[in-house]
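# Prediction below, plus the sequence it came from.
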Amino acid sequence: MKAGLAPRARAFRNSGLLAIGLLLVVSVAIEAKSKKRKIEPGPATISDEESEIASDPANGVTGAVILIEEFEQAETPMRRPYITTQHRRAYHRRAKILTEEGVSLAEVEFPRVQGFSKLSKWWGRTILPDGTVRDLPKANVDGLFAKSQDGAESDSKLVLPGVVPGCIIDYGYVLNWMGISARHGGFPIQLNWPIRGLYVKWSRAGDTNWKLVGTDGLDIHVTNHKGALLVTGSDLPAVGDDVGAELLY
């Protein structure tokens, strides 16, 4: 008859199994959270951490810093002969403007669309250093897409109000439109400004031919979930005039 484990050994084994179990639960929860992420507005206040962010040329932080860059795009082919693809883009950017050079980051650029389009969600605000919030109402943005319904190409830019050094800008949208999907192209992962946190999710029906280039030495992670490409990253340096990390398809 085999002797059982001593009480201390059983306790050690059970505690080890418990630790492993908790680690698995936490890992699954983190993964599930990233896959179920919801793009939505950031706080309408400036946090203490954001207040302390300042220009630091020695470390490549000048003009502005992007705190959050979130992007989800889904492209679904349509069967109608005159419409090729249904597009849905959800986007969110939060950034701190550090100097006059960074004010240009307050220019919001939309996809240029022609034909049916619908801006189903929009928010845009400038949070000044004294806590004042300047909102750009959705009614001011809808006009950009009005003429696209008549077959004309939409304008693609607007500027957030009241932007000055020291403020936080926070804007985002959900845009749906019909159009042609490019068979091949590229999407920049690095920009002219440093990025603290990056999240990109892109799905093209039946297309998993993705390639991420220029990521050496960068904290960038790539996974594939049900045909959608998920790219996350943190503390990505600005690239200036150079070509940085890029997603090719």
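On my side now, so go ahead.

# Show me where the chain has its strands.
Counting by DSSP state E, the chain has strands at residues 64-77, 85-97, 107-109, 117-127, 133-135, 157-159, 168-179, 186-188, 195-204, 211-213, 219-225, 228-236, 246-248.

# Take these and write them to a markdown table, including mean neighbour count, distance to residue 40 and mean pLDDT.
(Each C-beta comes from the backbone N, C-alpha and C, glycine too.) Below are the strands of the chain laid out as a markdown table (neighbours: other Cβ atoms under 10 Å; distance: least, Cβ to Cβ, whole Å; pLDDT from 0 to 100):
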| stretch | mean neighbour count | distance to residue 40 | mean pLDDT |
| --- | --- | --- | --- |
| strand 64-77 | 19 | 9 | 91 |
| strand 85-97 | 20 | 7 | 93 |
| strand 107-109 | 13 | 17 | 91 |
| strand 117-127 | 19 | 8 | 93 |
| strand 133-135 | 14 | 16 | 98 |
| strand 157-159 | 13 | 20 | 87 |
| strand 168-179 | 20 | 8 | 91 |
| strand 186-188 | 14 | 22 | 79 |
| strand 195-204 | 19 | 12 | 90 |
| strand 211-213 | 13 | 26 | 82 |
| strand 219-225 | 13 | 20 | 86 |
| strand 228-236 | 18 | 17 | 91 |
| strand 246-248 | 16 | 23 | 81 |
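
# These: which one's closest to residue 141?
The minimum distance between residue 141 and the strands of the chain falls on strand 117-127, with 5.1 Å, by Cβ to Cβ.

# helices or strands up against the closest one?
strand 133-135, helix 138-146, strand 168-179 (3 or more Cβ pairs under 8 Å, 6 or more residues apart in numbering; DSSP states H and E).

# for these, which one sits closest to residue 162?
The nearest among the helices and strands packed on strand 117-127, by Cβ to Cβ, is strand 133-135 at 4.1 Å.

# pLDDT wise, what is residue 148 at?
Listed pLDDT for residue 148 reads 48.

# Report the central residue of this structure.
Ranked by distance to the mean C-alpha position of the chain (Cα atoms, centre = their mean), the top residue is residue 70 at 0.9 Å.

# Enumerate the beta-bridge partners assigned to that one.
Beta-bridge partners recorded for residue 70 (DSSP bridges): residue 92, residue 199.

# Residue 196 is in contact with that one, correct?
No: the pair residue 70 / residue 196 is not scored as a contact, 11.8 Å apart, by Cβ atoms under 8 Å.

# got any residues that touch both of those two?
Residues touching both residue 70 and residue 196 (Cβ atoms under 8 Å, 6 or more residues apart in numbering): there are none.

# wait, doesn't residue 71 sit right on residue 191?
No: if you go by Cβ under 8 Å, residue 71 and residue 191 don't touch, sitting 11.6 Å apart.
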